[in-house]
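*Asks:* Predicted model and sequence follow; I will ask about them next.
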Amino acid sequence: MSRLNPGYKFLTLLIASLVLSITYNIRLNIVVFIVSFAATACTRSVNKKKLLLRLLPFFLTAAGMFMSGFLFSSAGDVANAAAAGERAVYVTSWDSALKLSSRVLAFGGIGILFALTTNSMDFIMSLMQQFHLPPKFAYGLLAAYHFFPVVHSEYEIVRSALAVRGIKTGPLSKKRFFPMLVHAFERSESIAMAMESRGFDSDAGRGQAFPVPLGKIDFVFLFTVNAGVIAGIVWI
Amino acid sequence: MRLENRVDEASGERRILSCRNLTFRYEENAPPVFENVSFAVKQGEAVVLAGPSGCGKSTLAYCLAGLYPEYAGALTGDLYIRDMAVSLLSPSLRARRISIMFQNPDNQFCMGRVDHEILFALENISYAGDMRARMRELLRLVGLEDAETAPIHSLSGGTKQKIALATAMATGAEALVLDEPFANVDPISCAELAKKLEIFNKSGLTLFIVDHKLDYWRPFLSRIIIMDRDGHITEADIYPPDLERRKSAFTDRGLFFGDEWLDGRTPLPSPKPEENAVVIKDLAVSYGGKQVFSSLSLEVMKGTITALIGRNGSGKSTLLLAVAGLIRFSGNLSVSSTVGLVFQNPRYQFLSLKVRDEILITLKNAHRSKPAMDDPAGIEALLIEFGLLAYADTSPYMLSQGQQRRLAILSMLAGSRPILLLDEPTYAQDAQATRFIMELLQKRVSQGLTAIIATHDHALARAFANRILSLDDGTLSELK
């Protein structure tokens, strides 16, 4: 999976998600989740522990959605009702609960498949090379992305800097964001200047040091996956 | 008027950078940062521009690199790189002629990895050869061949500046502007970097260096230009053989001339009887997932200055954070009273948009039960002592670096912090500002303050500190 062209992989999975969003097929949703999970788990570069950890929020959300659908679904016109505690549970409750939760798992599976098998830089380069994303945005995104570690450590420094003045701040304190905001402005200007002084010119032609190849396999993947989802809607 | 790009017949050298009557303002009607600046730099020269803090040296550097006025302000006058007006060159063409190394090593990288950063620069100029082979060659030239795939954020300040140098060289620039590139780098890394720059200069790279200190440049600099506090070039031709004779050109302007300003200075005697302010035993700290030290012990006497020295990344800042109680640690650490810490970048500590309010916040926090402490006369007296009265209603963010540091120290001392920790308090300061801060500190220490200073400046440590401790590989050793 990690050898596929990231831009086309994204396109493939985006179309698959859109197609999937027009249906409420529980079995198809579960098949999509299992296939996505298997494909991700079989990719050599994927850390299995990380995969399970990343899936955890989706499992929890799916469980939450299941309970919501199960306990608060509309009654519909189904005659057979059973009692669960003091609440009336209709046959449709199972159905809508499974529809909701399986959708979360299907979309979660697709999202995780993309996120864990794709290198962020290759993805941006692919958007630039195959989908004509202007270099100004592509390198701007990369610069911002690479700043996360610095912003993270800065967040801690600001907490300490204020604490030592006797000012306690919570994680979302306005006081904590004020110095960070000032720095963010300065930093973005400084990086833009640095990029320009290294010859970055969004209007000029540029060489290609990070080629992201596009091959037949990417088109095969695009058609096979989406044909599979459509076939699933029709036959499953 | 277009300047001539002619062969200087007397010397046979060509001008690579020339400016005439350059005047720069940040806003149209604001007073100029510098005015009528004219000089020329010949190919292969290593010219140092010295001047007091806040005189406009860095602004001039940004103009020479073609970044200002595009990013800020308004520039009038003529500025040429060889025969081309800088304003007419596209960034890609300009980078092939001139590039810049910035003061802050953290804010000059677009990519996450060392190799990617250099390849990015090669892409920008559409390098015709094998980009990866050239990238490796550049890394070898700056001595970083083993760091090819390292994440940049994990590297030390000195290593980051070497990457910045390799990236600037990747564009094929004939001239390099350096804006205080050693401001945040330890002495060993400074010497290594200066040696690399000397080699590049000897092989034809023109250097225009903005710096407070001449120390590392003296072995190979060609000429010194001095800019005055009001942004005028007052000395354009101080050559190395004349340096000793022209010493007063530096000292009279509050600039460093070696470590001469420290001559005759000795630390204040330790007060008697000796009493501990900080006691550390078997301290272990892990920071950012790394064990910084595992068994560190230290005692600091009340009313003394202790200097902590060590390479970038040796753990000096981490030790200060632990003493201030701001990070988790194991072992025994006790302090006799409240601790203040002035960060290397004091801007992280500001909370208001007026200098006066900054002090008010500290006073209110420190003396909640004594509202009388925030009386205007008391604040005014503190502002006078710290030379900040004229800026009482100015935003802390608009102050010069030296003023910001003084304000940060004041914010701490106003809050009754008998123990004060300072992380690189003289970073990027000229001699005058450094002296102001250190004398202020010494005065407070004579009144009972205990100070621990992390610094790269060994001479400064010798002149002011009662003890100098070197932190290396998680171990503290005392320097005699």
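*Replies:* Received the coordinates, thanks.

*Asks:* got the residue ranges for the helices in chain A?
*Replies:* Along chain A, the segments classed as helices by DSSP state H run A:6-21, A:26-42, A:48-72, A:91-117, A:120-131, A:135-145, A:148-163, A:174-197, A:216-235.

*Asks:* got the buried residues for the shortest one?
*Replies:* Think helix A:135-145. A:Pro135, A:Ala138, A:Tyr139, A:Gly140, A:Leu141, A:Leu142, A:Ala143 (16 or more other C-beta atoms under 10 Å in any protein chain shown). Every C-beta, even on glycine, is put in place using the N, C-alpha and C of the backbone.

*Asks:* who are the neighbours in contact with the fifth one?
*Replies:* Contacts of A:Leu141 were listed using C-beta atoms under 8 Å, 6 or more residues apart in numbering or on different chains, and they are A:Ile124.

*Asks:* Mind splitting chain B into its structural domains?
*Replies:* B:15-258, B:276-479 (automatic domain parsing).

*Asks:* quick check: mean pLDDT across the first one?
*Replies:* When pLDDT is averaged along domain B:15-258, the result is 90.

*Asks:* how far does that domain stretch from start to finish?
*Replies:* Domain B:15-258 has an end-to-end distance of 30 Å (C-alpha to C-alpha, to the nearest Å).

*Asks:* and what of stretch B:68-77?
*Replies:* 13 Å.

*Asks:* Is there any residue in it that contacts chain A?
*Replies:* Yes. Counting by C-beta under 8 Å from any C-beta of the partner chain, chain A has neighbours in stretch B:68-77: B:Glu70, B:Tyr71.

*Asks:* right, and B:Asn36 touches B:Thr23 too?
*Replies:* Yes. With contacts counted by C-beta atoms under 8 Å, B:Asn36 reaches B:Thr23, the gap being 6.1 Å.

*Asks:* ok, how many other residues are close to residue 157?
*Replies:* Since no chain was named, I'll use chain A. Neighbourhood size, A:Ile157 [other C-beta atoms under 10 Å in any protein chain shown]: 21.

*Asks:* nope, chain B please
*Replies:* The local packing of B:Gly157 (other C-beta under 10 Å) involves 20 other residues.

*Asks:* which residues does it contact?
*Replies:* Counted by C-beta under 8 Å, 6+ apart, B:Gly157 has contacts B:Pro105, B:Asn184, B:Val185, B:Asp186, B:Ser189, B:Asn312.

*Asks:* now do B:Val177
*Replies:* Each residue near B:Val177 by C-beta under 8 Å, 6+ apart is listed here: B:Ala61, B:Leu64, B:Ala65, B:Ile98, B:Ser99, B:Ile100, B:Met101, B:Phe208, B:Ile209, B:Val210.

*Asks:* ok, the residue in chain A that chain B sits nearest to to A:Tyr139 distance?
*Replies:* Residue nearest to chain B within chain A: A:Gly199 (3.2 Å; C-beta to the nearest C-beta). Distance from A:Gly199 to A:Tyr139, counting by C-beta to C-beta, to the nearest Å: 12 Å.

*Asks:* residue contacts, B:Thr450?
*Replies:* B:Ala277, B:Val278, B:Val300, B:Met301, B:Lys302, B:Gly303, B:Thr304, B:Pro418, B:Ile419, B:Leu420.

*Asks:* Distance-wise, check it relative to B:Val278.
*Replies:* From B:Thr450 to B:Val278 the distance is 7 Å (C-beta to C-beta).

*Asks:* Overlap in contacts, the two.
*Replies:* B:Val300, B:Ile419.

*Asks:* The nearest residue to B:Leu413 once chain neighbours are set aside in helix, strand or coil?
*Replies:* With sequence-adjacent residues excluded and distances taken as C-beta to C-beta, 6 or more residues apart in numbering or on different chains, B:Leu413 is closest to B:Arg444, at 6.4 Å. The three-state label given to B:Arg444 by DSSP: H, G, I helix; E, B strand; the rest coil is helix.

*Asks:* I appreciate the help and will end here.
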